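Undergrad: Provided below for reference: sequence and predicted model.
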Amino acid sequence: MASPETMREIRLRLAGRVAEHVRNDSGDIAPAVRHEPVSFYLDPELFAREQQKLFRETPLVACLSGELPEPGSYLSFDDAGVPIIVWRGRDRVVRAFLNICAHRGARLCREAIGAGHRLTCRFHGWTFGSDGRAIGVPEEAMFDGEIDGDKGLVAVPAEERHGLVFVQATPGSHMDLDAHLGDFGAELAALDLGQAVRVHETEFEVNANWKYVLDTYFENYHVAALHRETFAPNFLHRVRLFDAWGGHHRLTFPQRGVLDWIDKPEAEWPIETLPLAYFIFPNTVIPLGTVATPNGAYFSVNQIFPLGVGRMKNRYGVYAPYGVRSPEHQADLKAAFDAGVLVLGEEDYSVTGESFPALAALPPDKTFPIGRNEVGVQNFHAHVRRALAD
Ligand code: FES
Ligand SMILES: [Fe+2]
(Lines give C-alpha, C1' and ligand atoms only; values in the text may rest on other atoms or scores of the structure.)
(Ligands and ions follow the chains in the order given, each with its own letter.)
Protein backbone atom coordinates (compact mmCIF):
# COMPACT_ATOMS: atom_id res chain seq x y z
CA MET A 1 0.00 0.00 0.00
CA ALA A 2 1.30 3.48 -0.83
CA SER A 3 2.21 5.51 2.23
CA PRO A 4 -0.30 8.26 3.03
CA GLU A 5 0.28 11.68 1.51
CA THR A 6 1.97 14.25 3.70
CA MET A 7 0.53 17.74 4.06
CA ARG A 8 3.38 19.00 1.92
CA GLU A 9 2.50 16.62 -0.88
CA ILE A 10 -1.18 17.50 -0.57
CA ARG A 11 -0.40 21.22 -0.74
CA LEU A 12 1.90 20.81 -3.71
CA ARG A 13 -0.78 18.95 -5.62
CA LEU A 14 -3.39 21.59 -4.71
CA ALA A 15 -1.06 24.41 -5.71
CA GLY A 16 -0.67 22.82 -9.13
CA ARG A 17 -4.43 22.72 -9.54
CA VAL A 18 -4.75 26.33 -8.34
CA ALA A 19 -2.13 27.44 -10.89
CA GLU A 20 -4.03 25.67 -13.65
CA HIS A 21 -7.33 27.28 -12.67
CA VAL A 22 -5.79 30.74 -12.34
CA ARG A 23 -4.33 30.48 -15.82
CA ASN A 24 -7.72 29.46 -17.20
CA ASP A 25 -9.82 31.76 -15.00
CA SER A 26 -11.71 28.67 -13.90
CA GLY A 27 -12.52 26.89 -10.64
CA ASP A 28 -13.99 23.62 -9.44
CA ILE A 29 -17.72 23.71 -10.05
CA ALA A 30 -20.85 21.63 -9.54
CA PRO A 31 -22.49 19.95 -12.55
CA ALA A 32 -25.57 22.20 -12.41
CA VAL A 33 -27.30 24.94 -10.44
CA ARG A 34 -29.18 23.61 -7.42
CA HIS A 35 -32.54 25.14 -6.50
CA GLU A 36 -33.06 24.86 -2.76
CA PRO A 37 -36.49 25.59 -1.31
CA VAL A 38 -36.33 28.10 1.51
CA SER A 39 -38.09 25.50 3.67
CA PHE A 40 -34.68 23.80 3.87
CA TYR A 41 -33.84 26.40 6.53
CA LEU A 42 -37.26 26.89 8.07
CA ASP A 43 -39.13 23.59 8.27
CA PRO A 44 -39.47 22.56 11.95
CA GLU A 45 -40.03 18.92 11.02
CA LEU A 46 -36.80 18.87 9.02
CA PHE A 47 -35.07 20.57 11.94
CA ALA A 48 -36.26 17.89 14.37
CA ARG A 49 -34.88 15.18 12.09
CA GLU A 50 -31.56 17.02 11.83
CA GLN A 51 -31.27 17.20 15.58
CA GLN A 52 -31.88 13.48 15.86
CA LYS A 53 -29.95 12.18 12.85
CA LEU A 54 -27.11 14.67 12.56
CA PHE A 55 -26.54 15.73 16.16
CA ARG A 56 -27.50 12.60 18.13
CA GLU A 57 -26.77 9.73 15.75
CA THR A 58 -23.68 11.05 13.94
CA PRO A 59 -20.16 11.34 15.38
CA LEU A 60 -19.48 14.94 16.41
CA VAL A 61 -16.22 16.67 17.21
CA ALA A 62 -16.40 17.43 20.94
CA CYS A 63 -13.01 19.11 21.10
CA LEU A 64 -9.41 18.71 20.05
CA SER A 65 -7.18 16.32 21.96
CA GLY A 66 -5.20 19.28 23.26
CA GLU A 67 -8.22 20.54 25.18
CA LEU A 68 -7.97 17.44 27.37
CA PRO A 69 -4.22 17.67 27.91
CA GLU A 70 -3.77 15.56 31.07
CA PRO A 71 -5.30 12.50 32.67
CA GLY A 72 -8.26 13.95 34.58
CA SER A 73 -8.90 16.80 32.14
CA TYR A 74 -12.58 17.21 31.42
CA LEU A 75 -14.84 19.42 29.37
CA SER A 76 -18.62 19.74 29.42
CA PHE A 77 -20.98 21.05 26.78
CA ASP A 78 -24.70 20.97 26.05
CA ASP A 79 -24.58 22.01 22.42
CA ALA A 80 -25.42 18.64 20.91
CA GLY A 81 -28.80 18.92 22.64
CA VAL A 82 -27.90 16.73 25.62
CA PRO A 83 -25.44 17.60 28.40
CA ILE A 84 -22.17 15.77 27.86
CA ILE A 85 -18.94 15.52 29.79
CA VAL A 86 -15.80 14.24 28.08
CA TRP A 87 -13.18 13.11 30.53
CA ARG A 88 -9.66 11.76 30.11
CA GLY A 89 -9.08 8.83 32.46
CA ARG A 90 -5.99 7.77 34.41
CA ASP A 91 -5.29 5.44 31.47
CA ARG A 92 -5.37 8.54 29.16
CA VAL A 93 -8.43 7.13 27.38
CA VAL A 94 -11.15 9.71 26.70
CA ARG A 95 -14.63 8.67 27.80
CA ALA A 96 -17.90 10.56 27.56
CA PHE A 97 -20.95 10.52 29.79
CA LEU A 98 -24.22 12.32 30.06
CA ASN A 99 -23.55 15.15 32.47
CA ILE A 100 -26.43 13.99 34.63
CA CYS A 101 -26.01 12.63 38.14
CA ALA A 102 -26.96 8.97 38.47
CA HIS A 103 -28.81 9.57 41.73
CA ARG A 104 -31.56 12.06 40.85
CA GLY A 105 -30.40 13.69 37.66
CA ALA A 106 -28.73 16.89 38.87
CA ARG A 107 -26.20 18.52 36.62
CA LEU A 108 -22.93 16.99 37.74
CA CYS A 109 -20.14 19.07 36.15
CA ARG A 110 -20.94 22.77 36.35
CA GLU A 111 -17.81 24.15 34.67
CA ALA A 112 -16.97 24.20 30.97
CA ILE A 113 -13.49 22.82 31.57
CA GLY A 114 -11.59 21.46 34.52
CA ALA A 115 -9.29 18.75 35.76
CA GLY A 116 -9.40 16.05 38.39
CA HIS A 117 -10.38 12.44 38.73
CA ARG A 118 -13.52 13.04 40.75
CA LEU A 119 -16.63 15.17 40.51
CA THR A 120 -19.09 15.54 43.34
CA CYS A 121 -22.75 16.29 42.76
CA ARG A 122 -23.94 19.27 44.75
CA PHE A 123 -27.42 17.85 45.34
CA HIS A 124 -26.79 14.87 47.67
CA GLY A 125 -23.04 14.63 47.38
CA TRP A 126 -22.45 11.56 45.24
CA THR A 127 -18.92 11.46 43.83
CA PHE A 128 -17.98 9.99 40.45
CA GLY A 129 -14.60 9.02 39.04
CA SER A 130 -13.25 9.73 35.57
CA ASP A 131 -14.30 6.23 34.53
CA GLY A 132 -17.92 7.17 35.28
CA ARG A 133 -18.22 4.96 38.34
CA ALA A 134 -19.71 6.22 41.61
CA ILE A 135 -16.86 6.23 44.07
CA GLY A 136 -18.67 7.82 46.95
CA VAL A 137 -22.30 7.63 48.05
CA PRO A 138 -22.86 9.44 51.35
CA GLU A 139 -24.42 7.15 53.91
CA GLU A 140 -25.13 4.50 51.34
CA ALA A 141 -26.33 2.13 54.07
CA MET A 142 -29.37 4.39 54.53
CA PHE A 143 -30.62 3.31 51.13
CA ASP A 144 -31.05 -0.05 52.81
CA GLY A 145 -31.20 -2.00 49.57
CA GLU A 146 -29.33 -2.89 46.40
CA ILE A 147 -28.49 0.15 44.22
CA ASP A 148 -25.24 -0.86 42.49
CA GLY A 149 -26.94 -1.20 39.11
CA ASP A 150 -28.05 2.44 39.24
CA LYS A 151 -24.85 4.04 40.45
CA GLY A 152 -22.75 4.76 37.35
CA LEU A 153 -22.91 7.69 34.98
CA VAL A 154 -24.57 6.95 31.65
CA ALA A 155 -21.89 6.58 28.98
CA VAL A 156 -22.10 7.86 25.43
CA PRO A 157 -19.69 6.67 22.70
CA ALA A 158 -16.41 8.59 22.58
CA GLU A 159 -13.20 8.07 20.67
CA GLU A 160 -10.06 10.05 20.06
CA ARG A 161 -8.82 10.02 16.48
CA HIS A 162 -6.34 12.19 14.53
CA GLY A 163 -6.10 14.71 17.37
CA LEU A 164 -9.87 15.09 17.59
CA VAL A 165 -12.24 13.82 20.26
CA PHE A 166 -15.46 12.50 18.75
CA VAL A 167 -18.63 11.70 20.65
CA GLN A 168 -22.02 10.44 19.60
CA ALA A 169 -24.72 11.96 21.74
CA THR A 170 -26.91 8.90 22.19
CA PRO A 171 -26.21 6.50 25.06
CA GLY A 172 -25.88 2.90 23.98
CA SER A 173 -25.51 3.76 20.31
CA HIS A 174 -22.67 2.41 18.20
CA MET A 175 -20.33 5.09 16.85
CA ASP A 176 -18.65 3.88 13.67
CA LEU A 177 -15.90 6.43 13.02
CA ASP A 178 -14.33 4.39 10.24
CA ALA A 179 -17.59 4.41 8.33
CA HIS A 180 -18.18 8.08 9.11
CA LEU A 181 -14.74 9.34 8.06
CA GLY A 182 -13.79 6.84 5.35
CA ASP A 183 -10.79 8.04 3.33
CA PHE A 184 -11.16 11.50 4.86
CA GLY A 185 -9.47 10.02 7.94
CA ALA A 186 -6.11 9.94 6.08
CA GLU A 187 -6.50 13.64 5.29
CA LEU A 188 -7.26 14.44 8.95
CA ALA A 189 -4.24 12.38 9.95
CA ALA A 190 -2.05 14.44 7.60
CA LEU A 191 -3.29 17.61 9.32
CA ASP A 192 -1.54 16.40 12.48
CA LEU A 193 -3.87 18.13 14.94
CA GLY A 194 -2.78 16.05 17.94
CA GLN A 195 -0.37 18.56 19.45
CA ALA A 196 -2.42 21.66 18.81
CA VAL A 197 -3.02 24.05 21.69
CA ARG A 198 -6.07 26.27 21.84
CA VAL A 199 -4.89 29.82 22.43
CA HIS A 200 -8.04 31.94 22.09
CA GLU A 201 -11.70 31.10 22.08
CA THR A 202 -15.11 32.69 22.11
CA GLU A 203 -18.71 31.85 21.32
CA PHE A 204 -21.06 33.47 18.85
CA GLU A 205 -24.82 33.12 18.82
CA VAL A 206 -26.71 34.21 15.74
CA ASN A 207 -30.42 34.43 14.93
CA ALA A 208 -30.16 32.18 11.92
CA ASN A 209 -30.53 28.54 11.02
CA TRP A 210 -27.29 26.62 11.51
CA LYS A 211 -27.20 25.55 7.84
CA TYR A 212 -27.79 29.11 6.64
CA VAL A 213 -24.69 30.11 8.59
CA LEU A 214 -22.61 27.12 7.54
CA ASP A 215 -23.34 27.87 3.88
CA THR A 216 -21.26 31.04 4.16
CA TYR A 217 -18.17 28.97 4.93
CA PHE A 218 -18.58 26.90 1.79
CA GLU A 219 -18.47 29.49 -1.00
CA ASN A 220 -16.10 32.34 -1.85
CA TYR A 221 -18.57 34.04 -4.18
CA HIS A 222 -19.53 36.42 -1.34
CA VAL A 223 -15.95 37.56 -0.70
CA ALA A 224 -15.98 40.31 -3.32
CA ALA A 225 -19.06 42.04 -1.89
CA LEU A 226 -19.43 41.20 1.81
CA HIS A 227 -15.72 41.09 2.57
CA ARG A 228 -14.86 43.96 0.24
CA GLU A 229 -12.66 45.66 2.80
CA THR A 230 -11.32 42.64 4.69
CA PHE A 231 -10.66 39.54 2.59
CA ALA A 232 -11.38 40.74 -0.92
CA PRO A 233 -8.10 42.63 -1.43
CA ASN A 234 -6.21 39.42 -0.67
CA PHE A 235 -8.37 36.69 -2.16
CA LEU A 236 -9.37 35.53 -5.63
CA HIS A 237 -13.09 34.92 -5.38
CA ARG A 238 -13.40 33.37 -8.86
CA VAL A 239 -11.05 30.47 -8.18
CA ARG A 240 -11.57 27.57 -5.80
CA LEU A 241 -10.71 23.93 -5.41
CA PHE A 242 -13.30 21.60 -4.01
CA ASP A 243 -12.68 18.05 -2.86
CA ALA A 244 -15.28 15.95 -1.08
CA TRP A 245 -15.20 12.72 0.84
CA GLY A 246 -18.93 12.17 1.04
CA GLY A 247 -20.30 15.00 3.21
CA HIS A 248 -16.81 16.00 4.41
CA HIS A 249 -14.86 18.36 2.24
CA ARG A 250 -11.81 20.53 1.70
CA LEU A 251 -12.02 23.92 0.06
CA THR A 252 -9.00 25.79 -1.23
CA PHE A 253 -9.58 29.53 -1.59
CA PRO A 254 -6.42 30.98 -3.15
CA GLN A 255 -5.06 34.39 -2.32
CA ARG A 256 -4.09 36.99 -4.91
CA GLY A 257 -0.45 36.27 -4.13
CA VAL A 258 -0.87 33.22 -6.35
CA LEU A 259 -0.50 35.54 -9.33
CA ASP A 260 3.08 36.23 -8.23
CA TRP A 261 4.20 32.62 -8.11
CA ILE A 262 2.33 30.49 -10.59
CA ASP A 263 4.86 31.17 -13.33
CA LYS A 264 7.83 30.38 -11.11
CA PRO A 265 9.36 26.91 -10.72
CA GLU A 266 7.38 24.63 -8.41
CA ALA A 267 10.19 24.61 -5.85
CA GLU A 268 9.58 28.32 -5.27
CA TRP A 269 5.85 28.04 -4.70
CA PRO A 270 4.93 29.24 -1.16
CA ILE A 271 2.61 26.30 -0.72
CA GLU A 272 2.46 26.75 3.05
CA THR A 273 0.41 29.92 2.55
CA LEU A 274 -2.30 28.27 0.46
CA PRO A 275 -5.49 28.70 2.53
CA LEU A 276 -7.39 25.46 3.02
CA ALA A 277 -10.63 24.93 4.91
CA TYR A 278 -11.74 21.51 6.07
CA PHE A 279 -15.29 20.56 6.86
CA ILE A 280 -16.02 17.60 9.08
CA PHE A 281 -19.65 16.74 8.43
CA PRO A 282 -22.06 17.73 9.89
CA ASN A 283 -20.87 20.83 11.77
CA THR A 284 -17.14 21.49 12.17
CA VAL A 285 -15.11 23.82 9.96
CA ILE A 286 -11.33 24.02 10.32
CA PRO A 287 -9.83 26.81 8.22
CA LEU A 288 -6.04 26.94 7.99
CA GLY A 289 -4.55 30.36 7.52
CA THR A 290 -7.39 32.81 7.02
CA VAL A 291 -5.20 35.92 7.22
CA ALA A 292 -1.88 36.54 5.59
CA THR A 293 0.50 34.86 8.03
CA PRO A 294 2.30 31.62 7.21
CA ASN A 295 -0.16 28.80 7.22
CA GLY A 296 1.63 26.51 9.65
CA ALA A 297 1.33 29.08 12.40
CA TYR A 298 -2.31 28.66 13.33
CA PHE A 299 -5.69 27.32 12.40
CA SER A 300 -9.19 27.94 13.67
CA VAL A 301 -12.03 25.63 14.59
CA ASN A 302 -15.69 26.54 14.15
CA GLN A 303 -18.14 24.18 15.83
CA ILE A 304 -21.61 25.07 14.64
CA PHE A 305 -24.60 23.92 16.67
CA PRO A 306 -28.32 24.49 16.20
CA LEU A 307 -30.03 26.09 19.19
CA GLY A 308 -33.39 26.24 17.44
CA VAL A 309 -34.69 26.44 13.87
CA GLY A 310 -33.64 30.07 13.75
CA ARG A 311 -30.75 30.24 16.17
CA MET A 312 -27.25 28.84 16.12
CA LYS A 313 -24.03 28.87 18.09
CA ASN A 314 -20.42 28.76 17.00
CA ARG A 315 -17.77 27.64 19.44
CA TYR A 316 -14.83 29.35 17.83
CA GLY A 317 -11.20 28.82 18.73
CA VAL A 318 -7.77 29.67 17.38
CA TYR A 319 -5.04 27.07 17.81
CA ALA A 320 -1.25 26.92 17.67
CA PRO A 321 -0.51 23.67 15.81
CA TYR A 322 2.53 22.78 17.93
CA GLY A 323 2.16 25.26 20.77
CA VAL A 324 3.14 28.90 20.91
CA ARG A 325 6.72 29.25 19.74
CA SER A 326 7.67 32.89 20.17
CA PRO A 327 6.28 36.29 21.12
CA GLU A 328 5.86 36.97 17.38
CA HIS A 329 3.85 33.79 17.04
CA GLN A 330 1.77 34.82 20.06
CA ALA A 331 1.05 38.13 18.33
CA ASP A 332 0.15 36.37 15.06
CA LEU A 333 -2.29 34.13 16.91
CA LYS A 334 -3.96 37.12 18.52
CA ALA A 335 -4.14 38.93 15.18
CA ALA A 336 -5.67 35.85 13.55
CA PHE A 337 -8.24 35.54 16.34
CA ASP A 338 -9.14 39.24 16.22
CA ALA A 339 -9.48 39.14 12.43
CA GLY A 340 -11.70 36.06 12.67
CA VAL A 341 -13.91 37.64 15.32
CA LEU A 342 -14.19 40.84 13.31
CA VAL A 343 -15.01 39.21 9.99
CA LEU A 344 -17.41 36.65 11.45
CA GLY A 345 -19.12 39.08 13.80
CA GLU A 346 -19.33 42.18 11.64
CA GLU A 347 -19.63 40.62 8.21
CA ASP A 348 -20.73 36.96 7.91
CA TYR A 349 -22.87 36.74 11.05
CA SER A 350 -24.10 40.27 10.64
CA VAL A 351 -25.63 39.49 7.26
CA THR A 352 -26.97 36.07 8.24
CA GLY A 353 -28.39 37.22 11.59
CA GLU A 354 -29.98 40.30 10.09
CA SER A 355 -31.48 38.43 7.14
CA PHE A 356 -32.61 35.08 8.40
CA PRO A 357 -35.64 36.17 10.46
CA ALA A 358 -37.23 37.64 7.32
CA LEU A 359 -37.03 34.41 5.29
CA ALA A 360 -40.32 33.29 6.84
CA ALA A 361 -42.01 35.99 4.76
CA LEU A 362 -41.12 34.10 1.59
CA PRO A 363 -43.55 31.55 0.20
CA PRO A 364 -42.29 28.09 1.29
CA ASP A 365 -41.80 26.98 -2.29
CA LYS A 366 -39.56 29.93 -3.11
CA THR A 367 -36.19 28.49 -4.07
CA PHE A 368 -32.70 29.96 -3.73
CA PRO A 369 -30.34 29.28 -6.64
CA ILE A 370 -27.05 27.73 -5.51
CA GLY A 371 -24.59 28.28 -8.30
CA ARG A 372 -22.21 25.82 -9.89
CA ASN A 373 -19.53 28.08 -8.35
CA GLU A 374 -21.07 27.38 -4.90
CA VAL A 375 -20.19 23.70 -5.13
CA GLY A 376 -19.38 23.39 -1.42
CA VAL A 377 -22.85 24.63 -0.47
CA GLN A 378 -24.40 22.21 -2.92
CA ASN A 379 -22.51 19.24 -1.53
CA PHE A 380 -23.44 20.18 2.04
CA HIS A 381 -27.14 20.44 1.22
CA ALA A 382 -27.11 17.19 -0.72
CA HIS A 383 -25.50 15.34 2.18
CA VAL A 384 -27.82 16.80 4.80
CA ARG A 385 -30.75 15.64 2.72
CA ARG A 386 -29.14 12.24 2.14
CA ALA A 387 -28.44 11.73 5.85
CA LEU A 388 -32.04 12.60 6.74
CA ALA A 389 -33.45 10.31 4.08
CA ASP A 390 -31.60 7.23 5.40
S1 FES B 1 -28.78 14.12 42.33
FE2 FES B 1 -26.68 13.96 42.50
S3 FES B 1 -26.33 13.19 44.44
FE4 FES B 1 -28.47 13.27 44.29
FE1 LIG C 1 -17.45 35.00 4.74
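TA: Happy to help now that I have it. Numbers count the residues shown, from 1 in each chain. Ligands and ions are numbered 1, 2, ... in the order given.
Undergrad: drop to CA atoms for contacts and neighbour counts, all remaining ones
TA: Will do.
Undergrad: all helices in the stretch 151-300 of the chain, in order from the N-terminus.
TA: 177-181, 184-191, 210-215, 223-226, 258-261 (DSSP state H, counting those that start in this stretch).
Undergrad: And the closest residue to ligand 1 within the stretch 251-390 of the chain, which helix or strand is it part of?
TA: In the stretch 251-390 of the chain, the residue that lies nearest ligand 1 is residue 307 (26.1 Å; CA to the nearest ligand atom). Using DSSP states H and E, the element containing residue 307 is strand 299-308.
Undergrad: and residue 155, what does it touch?
TA: 95-98, 132, 171-172 (CA atoms under 8 Å, 6 or more residues apart in numbering).
Undergrad: and these, which two are the farthest apart?
TA: Pairwise distances among these were taken by CA to CA; the largest, 14.5 Å, belongs to 132 and 172.
Undergrad: Between the two, tell me which one has more neighbours.
TA: Set side by side, residue 132 and residue 172 show more neighbours around residue 132, with 23 against 11, by other CA atoms under 10 Å.
Undergrad: before we move on, the earlier item: any idea which of the helices of the stretch 151-300 of the chain gets closest to residue 41?
TA: helix 210-215 (6.6 Å).
Undergrad: Report the distance from the closest one to the chain centre.
TA: 12 Å (CA atoms, centre = their mean, to the nearest Å).
Undergrad: For that helix, which helices and strands make contact with it?
TA: strand 299-308, strand 311-320, helix 349-355, helix 375-389 (3 or more CA pairs under 8 Å, 6 or more residues apart in numbering; DSSP states H and E).
Undergrad: Could you report the separation of the nearest residue to residue 249 once chain neighbours are set aside from residue 379?
TA: Counting by CA to CA, 6 or more residues apart in numbering, residue 249 lies nearest to residue 279, which is 5.1 Å off, once chain neighbours are set aside. To residue 379, residue 279 is 11 Å away according to CA to CA, to the nearest Å.
Undergrad: Who has more neighbours out of these two?
TA: Neighbour totals were compared for residue 279 and residue 379, and residue 279 leads with 24 against 21 (other CA under 10 Å).
Undergrad: List the buried residues of stretch 173-180.
TA: Within stretch 173-180, the residues scored as buried using 16 or more other CA atoms under 10 Å are 175, 177, 180.
Undergrad: So for the helix or strand residue 12 falls within, what gets flagged as buried?
TA: Here residue 12, judged by DSSP H and E, is contained in helix 7-24. Residues of helix 7-24 classed as buried by neighbour count (16+ other CA under 10 Å): 7, 11-12, 14-15, 17-19, 21-22.
Undergrad: Rebuild those as TSV, extending it with distance to residue 273 and pLDDT.
TA: Shown next, in TSV, are the buried residues of helix 7-24 (distance: CA to CA, whole Å; pLDDT from 0 to 100):
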residue	distance to residue 273	pLDDT
7	12	90
11	9	93
12	11	94
14	12	96
15	10	95
17	15	97
18	13	96
19	14	95
21	17	96
22	16	94
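Undergrad: ok, so of those residues, who is nearest ligand 1?
TA: residue 7 (47.2 Å).
Undergrad: Now do the contacts for the closest one.
TA: 190-191.
Undergrad: and what of the one 4 residues further on?
TA: By CA under 8 Å, 6+ apart, the residues touching residue 11 are 271-272, 274.
Undergrad: So for the residues you listed, which is the shakiest by pLDDT?
TA: Among the contacts of residue 11, residue 272 carries the weakest pLDDT, at 84.
Undergrad: what about that one, distance to residue 170?
TA: 39 Å.
Undergrad: Same question for residue 270.
TA: Counting by CA to CA, the gap from residue 270 to residue 170 is 44 Å.
Undergrad: So between these two, which is more surrounded?
TA: residue 170 (22 against 17).
Undergrad: The more buried one against residue 57, yeah?
TA: Yes - contact status for residue 170 versus residue 57: in contact at 6.5 Å, counting by CA atoms under 8 Å.
Undergrad: Return the residues of the protein in contact with ligand 1.
TA: Residues of the chain lying close to ligand 1 (CA under 6 Å from any ligand atom) are 101, 103-106, 121, 123-126.
Undergrad: Which of those has the largest number of neighbours?
TA: Using other CA under 10 Å as the neighbour criterion, residue 101 leads those with 27 neighbours.
Undergrad: Name the nearest residue to that residue, ignoring sequence neighbours.
TA: Closest to residue 101 by CA to CA, 6+ apart is residue 108, at 5.4 Å.
Undergrad: Please name the bridge partners of residue 280.
TA: residue 284 (DSSP bridges).
Undergrad: can you pull the contacts of it?
TA: By CA under 8 Å, 6+ apart, residue 280 lies in contact with 247-249.
Undergrad: which one among those residues gets closest to residue 264?
TA: residue 249 (28.9 Å).
Undergrad: What distance do you get for that closest one to ligand 1?
TA: As judged by CA to the nearest ligand atom, to the nearest Å, residue 249 and ligand 1 stand 42 Å apart.
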